[in-house]
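Q: Based on what follows, work out the 3D shape:
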Amino acid sequence: MRYTTAGQLLNIISPREFIDFSYTTNYENGLLTCGVSIEHENVHPHCVRGFNHPCGWFCVPLQSCPDHSFLTGYIQTDLRGMLPHSTVDFAMAGSLVNFYSDLRKALKKS
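A: Predicted structure coming up:
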């Protein structure tokens with residue numbers, strides 16, 4: 001799976017490209033997705049190649065309200081490139097908030 005992120009902070013943080021092997025399966029009436037980045041030769045010139053260490057997402061329906069699920073994510077992302085840690089922390093926090101917000105909107109539409 002190949003995906004890219006948008007540049008952050010007025011492109012101070014360049015767009016990142018990730019090439020991941022991902023596997024999704026049923027888990028306790030929900031879903032489990034595991035992934036890890038793999039090395040791939042083709043790099044797009046406008047992106048920095050990021051790397052995801054082993055990570056996973058668990059999406060399990062709530063017993064008290066089966067129409068809702070509890071989503072837990074474990075990520076270990078190395079954005080690579082020359083970035084101060086404070087800038088990375090700031091950008092990652094905003095990106096994760098946007099991810100969950102977008103996910104919630106998408107799920108409401110379906």
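
Q: show me what contacts residue 67?
A: By CB atoms under 8 Å, 6 or more residues apart in numbering, residue 67 lies in contact with residue 61. The C-beta positions use only the backbone N, C-alpha and C, and glycine is treated the same way.

Q: Apart from its chain neighbours, what residue comes closest to residue 14?
A: residue 48 (5.1 Å; CB to CB, 6 or more residues apart in numbering).

Q: what's the burial count for that neighbour?
A: Neighbourhood size, residue 48 [other CB atoms under 10 Å]: 17.

Q: what's it in contact with, if anything?
A: 14, 15, 16, 17, 79, 80, 81 are the contacts of residue 48 under CB under 8 Å, 6+ apart.

Q: Please list all residues in contact with residue 14.
A: 7, 46, 47, 48, 81.

Q: What backbone torsions are found at the residue lying farthest from the centre of the chain?
A: Taking CA atoms, centre = their mean, the residue of the chain most remote from its mean C-alpha position is residue 64, at 27.8 Å. Backbone dihedrals for residue 64, given as degrees, to the nearest 10, come out at phi -80, psi -20.

Q: so the closest residue to residue 27 other than its chain neighbours, which of the three states?
A: Of all residues not flanking residue 27 in the chain, residue 58 sits nearest, at 6.7 Å (CB to CB, 6+ apart). The local conformation at residue 58, judged by DSSP: H, G, I helix; E, B strand; the rest coil, is strand.

Q: Quick check: bridge partners of residue 58?
A: residue 32, residue 72 (DSSP bridges).

Q: That one and residue 77, how far apart?
A: 18 Å (CB to CB, to the nearest Å).
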